[in-house]
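K.L.:
build the 3D model from these lines:
(one chain, ligands or ions: 1)
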Amino acid sequence: MQTGMSVYDFIIEKQADFPHATGDLSALLTSIQHAAKVISWQINQAGLGNIIGATGIDNIQGEAQQKLDLFANDKFKQSLAACGEVCGMASEEDDDYVAFEPVNGKTAKYVVLIDPLDGSSNIDVGVSVGTLFSIYHRVSPIGTPVTKADFLQPGRHQVAAGYIIYGSSTMLVYSTGQGVNGFTLDPSIGCFCLSYPNISIPQQGHIYSVNEGNYFKFPAGVKQYLKFCQAIDETDNRPYTSRYIGSLVADFHRNMLKGGIFLYPSGTNAPNGKLRLLYEGNPLAFIVEQAGGKATNGYQRILDLSPMELHQRTPFYIGSAHMVDKLGQLLVAFDS
Ligand SMILES: O=P(O)(O)OC[C@H]1O[C@](O)(COP(=O)(O)O)[C@@H](O)[C@@H]1O
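P.N.:
Model prediction:
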């Protein structure tokens, strides 16, 4: 897999490893790229058009819906519905899942869960934002109406997952369960090209990412862990560095490439934290594990959690394996 090759060539080469591959997943991934390119173009001109700012409506999360949230949600819905491989989509921006009509009599076997524009409250200040996606095989019989059960599957059943980061460059990072690869959008040819093959996260990092403004709401184990990160100990390069953008995809992407831990504890914003298990937790947990890292709710592997509701939240700790383990030990010691 040589750097610079297009994602299309990459998918075709990878498909060769799976003689029974039908190309359906490849077509689905291509439809995600199409929507991402349109959104990337819109974000790059965001200040010029009438596309920044809020719509005046709150979404089911109780958050002010940004115009670009809706734009991105519609773009992914259109592209995924048109590709014919997806029987339904659940989005952080929609109260309930939507079922797609069959295309040319094709029997779609996948469902997609998506956070169309994560960190969108940062758009009008020019900070990186992202899209998160999660793909499963449906559990209901093919050809029958899609059901809620198709979306409430544990994260370990994901067939593929990934994110797009709209930052200094636009990147697609995804996994189909055979490692993690990153592709940068080359605007001159309108194509995602391989730029980060076989990404792996360092087992130990020196960055911690958390909104310390919520410190007094954190569980005792988290407070202990932050003390550990800030303590002076040259034997293992402490104190660590604090970095928090407030845009999950951007914070995660940095920590995956450099090594680090991202924390969004329980008790902040809501009893179970702020971040959504299905749209934010599961796709990033799938990616980080494929890159050699870990993701937990403090006590359990995120990918083993059984979802009960479409918009349920979870405490979220993700990153370098040794750092997530250390935090887990302190949570058990101080909060169980
Ligand atoms: O402002 P807080 O409470 O630190 O929360 C920041 C977190 O919320 C988010 O903005 C939530 O994302 P959404 O934009 O998808 O609601 C994350 O990207 C980010 O990590």
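
K.L.:
quick one: the helix or strand harbouring V111 to chain centroid distance?
P.N.:
Element membership for V111, per DSSP states H and E: strand 110-118. On the basis of C-alpha atoms, centre = their mean, to the nearest Å, strand 110-118 sits 9 Å off its chain's mean C-alpha point.

K.L.:
quick one: strands adjacent to that strand?
P.N.:
The strands that strand 110-118 pairs with in its sheet are strand 86-91 (parallel), strand 129-137 (antiparallel) (by DSSP bridges).

K.L.:
who's D58 bridged to?
P.N.:
Under DSSP bridges, the beta-bridge partners of D58 are A64.

K.L.:
pLDDT score assigned to it?
P.N.:
Per-residue confidence (pLDDT) for D58: 82.

K.L.:
one step back: turn the strands paired with strand 110-118 into JSON lines, including distance to V180.
P.N.:
C-beta here means a position set from N, CA and C on the backbone, and glycine is covered the same way. Compiled in JSON lines, these are given as follows (distance: least, C-beta to C-beta, whole Å):
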{"stretch": "strand 86-91", "distance to V180": "22"}
{"stretch": "strand 129-137", "distance to V180": "14"}
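
K.L.:
of all these, which lies closest to A27?
P.N.:
strand 86-91 (9.7 Å; C-beta to C-beta).

K.L.:
what does the stretch 51-200 of the chain have sitting close to the ligand?
P.N.:
63, 92, 115, 118-121 (C-beta under 6 Å from any ligand atom).

K.L.:
of the residues you listed, buried ones?
P.N.:
Among these, those classed as buried by 16 or more other C-beta atoms under 10 Å are 92, 115, 118-121.

K.L.:
let's have the strands paired with strand 110-118 in TSV, adding mean neighbour count and mean pLDDT.
P.N.:
Shown next, in TSV, are the strands paired with strand 110-118 (neighbours: other C-beta atoms under 10 Å; pLDDT from 0 to 100):
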stretch	mean neighbour count	mean pLDDT
strand 86-91	24	98
strand 129-137	25	98
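
K.L.:
show me the residue sitting in the middle of this structure in space.
P.N.:
Centroid check for the chain by C-alpha atoms, centre = their mean gives L132 as the closest residue, at 3.6 Å.

K.L.:
skipping adjacent residues, who's closest to that one in space?
P.N.:
Nearest residue to L132, sequence neighbours excluded (C-beta to C-beta, 6 or more residues apart in numbering): D115, at 4.3 Å.

K.L.:
report pLDDT for that neighbour.
P.N.:
Per-residue confidence at D115 stands at 98 (pLDDT).

K.L.:
ditto for G4
P.N.:
pLDDT, G4: 89.

K.L.:
helices along the stretch 151-300 of the chain, start to end?
P.N.:
Taking DSSP state H, counting those that start in this stretch, the helices of the stretch 151-300 of the chain run over residues 220-230, 248-258, 282-290.

K.L.:
okay, these in CSV with mean pLDDT and distance to the ligand next?
P.N.:
Listed next are the helices of the stretch 151-300 of the chain as CSV, based on pLDDT from 0 to 100; distance: least, C-beta to the nearest ligand atom, whole Å:
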stretch, mean pLDDT, distance to the ligand
helix 220-230, 98, 14
helix 248-258, 98, 3
helix 282-290, 98, 11
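
K.L.:
between these, which one is nearest to Y208?
P.N.:
Of the helices of the stretch 151-300 of the chain, nearest to Y208 by C-beta to C-beta is helix 220-230, at 4.7 Å.
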